[in-house]
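> Pasting the sequence and the predicted model now:
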Amino acid sequence: MQSLGKENQSSVSEFILLGFSSETQVRMALFALFLLLYLTTLVGNGLIVMLIFLDSHLHTPMYLFLSVLSLVDMSYVTTTVPQMLVNMVCPQRTISWGACAAQMFIFLVLGIAECVLYAIMAYDRYVAICFPLHYTLLMSHSICVKTVIVCWSISIAGALINTAFTMHLPYCGPYKINHFFCEVPAVLKLACADTSFNDRLDFILGFLLLLVPLSFILASYVLIFASIFRIRSVQGRLKSFSTCASHVTVVTMFYGPAIIMYMRPGSWYDPERDKKLALFYNVISAFFNPIIYSLRNKDVKEAYLKIFRVRRTA
């Protein structure tokens, strides 16, 4: 395995990322659009992190996980979008073997971390709504820190396995990746070896890292909704539904395309469709997270107005 990896690394020095349309006008329009989305995503998620850090009222488990999610989203888009923007204005559109492997690994780490984080956040909402009197005990600071550590441990392990088995395959050329970054399904199409094992591995990892957290989320929300329907106050029901609706919306936007991408048979590969799916769970979901999940939140709005008033007065 090691000798094969060294042989691959020496024979494959770089890949070519085909990206999107080759027409200059289309590329420039897409460049402006994705640059705007990228900068807006950084500002929106950065604002959430700053507000949670500055306002002591937001130092709760829910907002701790929310700040981690915002940091993950900022890193997630930074792993792919800058490379995509450079390739839109640079005629070469090449990426070295090492940079491709690093991009794949980091992308998988952050993607898996987001999957696990959504499950942790669903559990947090379940405890808050179904066991409000025991919330501080069940979601103590030490438990929150441990769950975040477990989240990153699972993410690194899963990404390491997938990247290692993908990048150790022999690649005979042409080295043109029909994608805007080094994603596993697109890179596997360049391998000049049997990739059936990799397809099975992707399915197994997809089951463990996508379907298991999603099942956990669905189970949590079934119990949450059952608890909400037992609330006598209409206002209390609406408040609980509003809190949960944001999470369900974000989860649907992320998990749907990701499951299609990583759990379908290799024969269903469609590069144009895959690029659109990847945009959805990489760029679009990170762009909408601050809007759907945070900026419409009453506590976050109050924290923003309070900090803004303090800065303006100073």
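Sure, I can see it.
> And the one residue sitting closest to the centre of the chain, how close does it get to residue 189?
With distances taken as C-alpha atoms, centre = their mean, residue 111 lies nearest the centre of the chain, 3.9 Å away. Per C-beta to C-beta, to the nearest Å, residue 111 is found 19 Å from residue 189. Where C-beta positions appear, they are placed from N, C-alpha and C, glycine not excepted.
> For the stretch 201-314 of the chain, which segments are assigned as strands?
Per DSSP state E, counting those that start in this stretch, the stretch 201-314 of the chain has no strands. Nothing in it meets that criterion.
> Show me where it has its helices.
Secondary structure of the stretch 201-314 of the chain (DSSP state H, counting those that start in this stretch): helices located at 212-229, 234-263, 271-279, 285-289, 298-313.
> now the stretch 151-300 of the chain, which segments are flagged as low pLDDT?
231, 233, 235-236, 239-240, 242-243, 266-267, 293-296 (pLDDT under 70).
> Would you check that residue 184 makes contact with residue 203?
No - counting by C-beta atoms under 8 Å, residue 184 sits too far from residue 203 to count as a contact (11.9 Å).
> joint contacts of those two?
Counting by C-beta atoms under 8 Å, 6 or more residues apart in numbering, the residues touching both residue 184 and residue 203 are residue 262.
> Between these two, which has more neighbouring residues?
residue 184 (21 against 16; other C-beta atoms under 10 Å).
> tally of neighbours for the closest residue to the more buried one other than its chain neighbours?
Spatially, and ignoring its direct neighbours in sequence, residue 184 is nearest to residue 166 (5.3 Å; C-beta to C-beta, 6 or more residues apart in numbering). For residue 166, the neighbour count with other C-beta under 10 Å is 24.
> In terms of helices and strands, where is residue 166?
Using DSSP states H and E, residue 166 falls within helix 141-167.
> After that helix, which helix or strand is next? Please name it.
Heading C-terminal from helix 141-167, the first helix or strand you meet, by DSSP H and E, is strand 176-177.
> what's that following strand packed up against?
Using 3 or more C-beta pairs under 8 Å, 6 or more residues apart in numbering; DSSP states H and E, the elements in contact with strand 176-177 are strand 14-17.
> Partner strands of the strand it packs on and their direction?
Applying DSSP bridges, strand 14-17 is found paired with strand 94-96 (antiparallel), strand 176-177 (parallel).
> quick one on the thing from earlier: wait, isn't the residue nearest to residue 184 in contact with residue 183?
No - contact between residue 166 and residue 183 fails when scored by C-beta under 8 Å: they sit 9.7 Å apart.
> Quickly list what's touching both of those two.
Common neighbours of residue 166 and residue 183 (C-beta under 8 Å, 6+ apart) are residue 104.
> residues in contact with residue 31?
85, 88-89.
> Which of these ranks first by neighbour count?
Using other C-beta under 10 Å as the neighbour test, the contacts of residue 31 are led by residue 88, with 22 neighbours.
> Quick check: that one is in a helix.
Yes - per DSSP: H, G, I helix; E, B strand; the rest coil, residue 88 lies within a helix segment.
> how near is it to residue 221?
Applying C-beta to C-beta to residue 88 and residue 221 gives a distance of 39 Å.
> From residue 191, how far out is the residue nearest to residue 184?
To residue 191, residue 166 is 8 Å away according to C-beta to C-beta.
> do the same with residue 247
Residue 247 sits 38 Å away from residue 191, going by C-beta to C-beta.
> Check residue 215 too.
The value you get for residue 215 to residue 191, if C-beta to C-beta is used, is 31 Å.
> same deal with residue 152?
Distance check for residue 152 against residue 191: by C-beta to C-beta, it reads 29 Å.
> what's the answer for residue 277, then?
From residue 277 to residue 191 the distance is 21 Å (C-beta to C-beta).
> Give me the more crowded residue out of those two.
The neighbour comparison of residue 277 against residue 191 (other C-beta under 10 Å) goes to residue 277, with 20 against 17.
> Name the nearest residue to that one, ignoring sequence neighbours.
Distance criterion C-beta to C-beta, 6+ apart; nearest residue to residue 277, sequence neighbours excluded, is residue 257 at 4.1 Å.
> How about residue 128?
Counting by C-beta to C-beta, 6+ apart, residue 128 lies nearest to residue 135, which is 5.4 Å off, once chain neighbours are set aside.
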